[in-house]
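Colleague: Pasting the sequence and the predicted coordinates here, then a few questions.
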Amino acid sequence: MTISAATIGLPVNLGASLEEVDSSTTVDNVFVFESGSKKWHIVFDGGITLYRTSWLNIGDPPTDKTSLFNIILSNADIKTIEVDTDIQLNGTINIGGRTLSIISTGKFSGTYTLQNAEISADLAQHIFDGTPTLTNCKSGFGKWYPTWFGSKGDGINNDYTAINNCIDTANNNSQKLVNLIPGNYLVESNITVPSGVTLQFEVGAKISGNVTISGTGNFDSKPHHIFDGVTVNGLYPLSGEITPQQFGTVGNNSTNDSPAFQKMWDYVATLSSGIVKILIPAKSYYIGQSVNLPKTATATRFIKVEGYGAVLRSNGDYPIWQRVVDSNAEATTVINGFICHISGLRFEGISSVASPLSNAFGLKIQSIYSWVFNDLIFNGCYYGIAAYFSLSSKFNNLRAGGTTRAAFLGRYGDWTGATRSNSAFNANEFNGCRVFNSNGSFTSLELIAADQTLVNNFISEGQNPQYNFYMDSENGTNVNINTFQNIWIESTGGVNTTNINFGFFRANSYIILKNIQRIYPNKLFFLDKNSNSQTIIIIDTIPYAGSLPASGFFDLDGDNNSGYRFEFKNLISETLVTTASNWDISTVPSTLKYEVMKTGGKITGVGGSNYLYIGNGAILINSSRGVGINYDPKVSDAGTGNQLHVANNNEILPSSIRGLNRTIIASGQNTGGNEISVISVNGSALAIPRFSCIRARGSFLSPLVVRDNDILSEYRGFGYDGSNPILGANIKFTVNGTPSTGIVPTKCEIATMNSSGSLQTVFTIRATGQIELPITPTTGTISDSILVRTSGGNLRQIPSTDLIGKSGSYSADGDSTENTFTVTHSFGSTPAQVLITPTNIDTAIAFYVTNKTSTTFDVVFTAAPVTGTGNVKFDWIVK
């Protein structure tokens, strides 16, 4: 008989019914129940495989339902266990891959381990109480929720245990996401997030408390507040991107956002590798005290800061952002740290010329290597950027206005132990910057002992600063070269009614000014009298030379010349530099050099002493001294041929020629006169046309003695084979011994190419006077001659017949009948003379020689030698 569960007052099970069973059936209060002296068991109709845990409360069940739960699991038909009550478990329960659907007020409590379960529950429901352990389990959502473990998210209750249990669960199972739904999760103990686990914050979720969240795991969130007062250490953003909002910035231009920014940068300092992008949303952030950028991040970290449209505003005498070192030891360590690119931010201060705040910097950055600053704006700052001990950094497309002393400062360190050499501002670039100077400000760019600085495409406008560009080299020997190019200067008026475009103080070595455009009557440069005498100012192209100041366009401090060198290139007119009134010393410096470009390709240099004309297929150097030129003709010249003349008063002066290219072969080349000619027309016997080749080891400034086997010079002859120039012969001069003062022993070698294509040395004259013919000649004829050395030390050619000969011994058997014997002499030609000497008694008879050829001759005896073995014996000599 089957009856409804309601009939006997038992809990209703959707899709199941109760069937009466024999009274002997064992009651387990899981599948079999007893009521009214009868026993009933559950029948799952229609394939329903769900079991509700509320059934376990029928009758008088035990508090610990571990054993009852295992009975459920023993039924293979049960696929889903619907937990709708509080189930206390103690021990390990293997769910066997079934689904635990936890609904309503259902939850687990006790000390228990769940294995091989798939969990389904409402996200905000507390389903795991007590001390849970889950292994090889999955969430139906692919994530684990601290609310499942009892977190409140109300900002009052301590959610540490729930969050920590949730993190452990994610770490011990394949699903690694810990999802925090909206709420304020207060924690009162430090949290560790292991590698592979990610804290995922929904919008409106945050962790608060004076604690540290650390580890090698990750976090993930939108740009909203997720860490409230929390210190974050080592976690990496899953997206590779962080925002200051995650650390609590408000961006309403009044709330002090410094603490939140500091939390963010302190977090960045804990990162060990990878790329992090800091995105600062376009809001206005009030910075109530300096924010310190990290000094300890490792070199494998790359930080990219982007804040296009964001404003960082200060209201006091302090740097807005700073990275400050305390000692030289720290500086030399920190500089090898991370690389940072900062872009798009606007720094607003309250410093002014009238009320200067000497510490109100936009950015104060110390000890950096290869940092890049892009698209930044500075206003109301004492310095916009002040960079100390910066190597190979770039300052690109920066804008500054209302700065008090300077828009930008580059210098060596100012900390204990810092010097120009150990903390230099070296190899940095300013590109595409624009400064609108304040009335009465000092300069747009200030450089202190900077070296290898490139200032390019820079605009200095607004009202006159004292100097548009100011550089104090402090006479540093490590300051070698600084370049300013493509500069536009348009400042005018203000308290500095006139100013100086470039102020150079205690200068040393090279200063290069190229393409300097200015339109107001201000001095181009001022050179401090304390500058080093090695100072060289090179000025290349001044497009506009009008509106010159009355007091001198070029200002030398205290009328001091001191041997400074000034070189001007590509001038429109030499008048600019040769007019004494344009120099405040009222005289043109004796060290002045200049070049003026004119129609016809004429370049005039140093006071007219050097001229270079280019035209008519030739280069003419007219000089009062020897000169060196490069000349590399690329195409043929019609008519006159390629000619190089170096002449002065019809004299040939010492000159050098470089760059004549032997590989140039072109159709239509001049014929019959392609040559380099050195022509001397002079009454002096010493005006000798000559080529001189000088060889030394070492360097041009410090030549060293040559050594044995050093090649001093070589002359080569090439012939064209239809495809390429082929080396056919050369004459080479080589050191042949150990040189000493006034003595360089030398040999001469001549090499030619034979018909087999081999280049061989055929003639050598050694330093000792010895002559060598290294190549063995082919054997000649009897009329050939040879070289002999006479007693007087001369070489003489004599007929080879006087000395050339060949000798040998002959042996044959006598037979008493044969009297003619043929001898092979291998002389190579028919001998003129043959000498025969019998060497035993059997050949001591009359004979004569006949039938001489280039290979043999016959010896004929008048009587046949007697019979014997090897008894016909004689020696022979041929000539």
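Modeller: Structure received.

Colleague: where does the chain dip in pLDDT?
Modeller: Within the chain, the ranges that satisfy pLDDT under 70 run 1-16, 44-48, 59, 297-300, 558-562, 598-680, 682, 774-804.

Colleague: now the helices: where do they sit in it?
Modeller: Secondary structure of the chain, counting by DSSP state H: helices at 66-74, 160-172, 258-269, 328-334, 575-578.

Colleague: tell me, what residue is most central in this protein?
Modeller: What sits nearest the mean C-alpha location of the chain, by C-alpha atoms, centre = their mean, is residue 370, with 10.1 Å.

Colleague: still on that earlier bit, would you mind saying which of the helices of the chain lies nearest residue 681?
Modeller: helix 575-578 (35.6 Å; C-beta to C-beta). Bear in mind the C-beta positions are built from the backbone N, C-alpha and C, glycine included.

Colleague: quick one: contacts of the closest one?
Modeller: 542, 545, 553, 554, 566, 568, 571, 582, 588, 592, 594 (C-beta atoms under 8 Å, 6 or more residues apart in numbering).

Colleague: which one is the last one nearest to, not counting chain neighbours?
Modeller: Meaning residue 594. residue 568 (4.0 Å; C-beta to C-beta, 6 or more residues apart in numbering).

Colleague: That neighbour contacts residue 591, correct?
Modeller: No: between residue 568 and residue 591 there is no contact under C-beta atoms under 8 Å: 11.7 Å.

Colleague: out of those two, which sits in the busier spot?
Modeller: Neighbours were counted for residue 568 and for residue 591 using other C-beta atoms under 10 Å; residue 568 has more, 23 against 15.

Colleague: The more buried one and residue 456, how far apart?
Modeller: 20 Å (C-beta to C-beta, to the nearest Å).

Colleague: same question, residue 260
Modeller: Note on residue 260: its distance to residue 456, by C-beta to C-beta, is 37 Å.

Colleague: Same question for residue 256.
Modeller: 39 Å.

Colleague: burial count for residue 23?
Modeller: 9.

Colleague: Excluding chain neighbours, what is closest to it?
Modeller: Per C-beta to C-beta, 6+ apart, closest to residue 23 is residue 39, 5.9 Å.

Colleague: Next: residue 173.
Modeller: residue 137 (5.5 Å).

Colleague: unless I'm mixing things up, that neighbour is touching residue 115, no?
Modeller: Yes: with contact defined as C-beta under 8 Å, residue 137 counts as touching residue 115 (7.1 Å).

Colleague: Mutual contacts of those two, please.
Modeller: Joint contacts of residue 137 and residue 115 (C-beta under 8 Å, 6+ apart) are residue 95.

Colleague: These two: who's more crowded?
Modeller: residue 137 (21 against 15).

Colleague: Enumerate every residue touching the residue nearest to residue 594.
Modeller: 539, 540, 542, 576, 577, 592, 593, 594, 595.

Colleague: give the contact list for the nearest residue to residue 260 once chain neighbours are set aside.
Modeller: Closest residue to residue 260 apart from its sequence neighbours, by C-beta to C-beta, 6+ apart: residue 248 at 3.7 Å. Shown in contact with residue 248 (C-beta under 8 Å, 6+ apart): 225, 227, 228, 229, 257, 259, 260, 263.

Colleague: tell me, how many neighbours does residue 583 end up with?
Modeller: Neighbour count of residue 583, defined by other C-beta under 10 Å: 21.

Colleague: What distance do you get for the closest residue to it other than its chain neighbours to residue 327?
Modeller: In space, not counting the residues next to it along the chain, residue 583 is nearest to residue 554; the distance is 5.1 Å by C-beta to C-beta, 6+ apart. To residue 327, residue 554 is 43 Å away according to C-beta to C-beta.

Colleague: Counting neighbours, go ahead and name the busier of the two.
Modeller: The neighbour comparison of residue 554 against residue 327 (other C-beta under 10 Å) goes to residue 554, with 24 against 13.

Colleague: Distance check, the more buried one against residue 29.
Modeller: If you go by C-beta to C-beta, the gap between residue 554 and residue 29 works out to 108 Å.

Colleague: Repeat that for residue 316.
Modeller: From residue 316 to residue 29 the distance is 75 Å (C-beta to C-beta).

Colleague: Next: residue 578.
Modeller: Taking C-beta to C-beta, one finds residue 578 at 117 Å from residue 29.

Colleague: Could you pull up phi and psi at residue 412?
Modeller: phi -80, psi 180 (degrees, to the nearest 10).

Colleague: and it, what does it touch?
Modeller: Counted by C-beta under 8 Å, 6+ apart, residue 412 has contacts 388, 389, 418, 419, 420, 423, 424, 425, 448, 449.

Colleague: what about the closest residue to residue 855 other than its chain neighbours, how many neighbours?
Modeller: Nearest non-adjacent residue to residue 855, counting by C-beta to C-beta, 6+ apart: residue 824, 6.1 Å away. Residues near residue 824, counting by other C-beta under 10 Å, number 11.

Colleague: can I assume residue 824 is in contact with residue 856?
Modeller: Yes: contact criterion C-beta under 8 Å: residue 824 and residue 856 qualify, at 5.3 Å.

Colleague: got the domain boundaries for this structure?
Modeller: The record assigns the chain these domain ranges, following automatic domain parsing: 432-608, 612-660, 705-776, 802-878.

Colleague: Most tightly packed of those domains?
Modeller: Sort the domains of the chain by mean neighbour count, taking mean count of other C-beta atoms under 10 Å, and domain 432-608 sits at the top with a mean of 19.

Colleague: dump the residue contacts of residue 519.
Modeller: Per C-beta under 8 Å, 6+ apart, neighbours of residue 519: 489, 490, 544, 547.

Colleague: Regarding it, what are the backbone dihedral angles?
Modeller: The phi/psi pair for residue 519 (degrees, to the nearest 10) is phi -130, psi -10.

Colleague: Kind regards, and thank you for your time.
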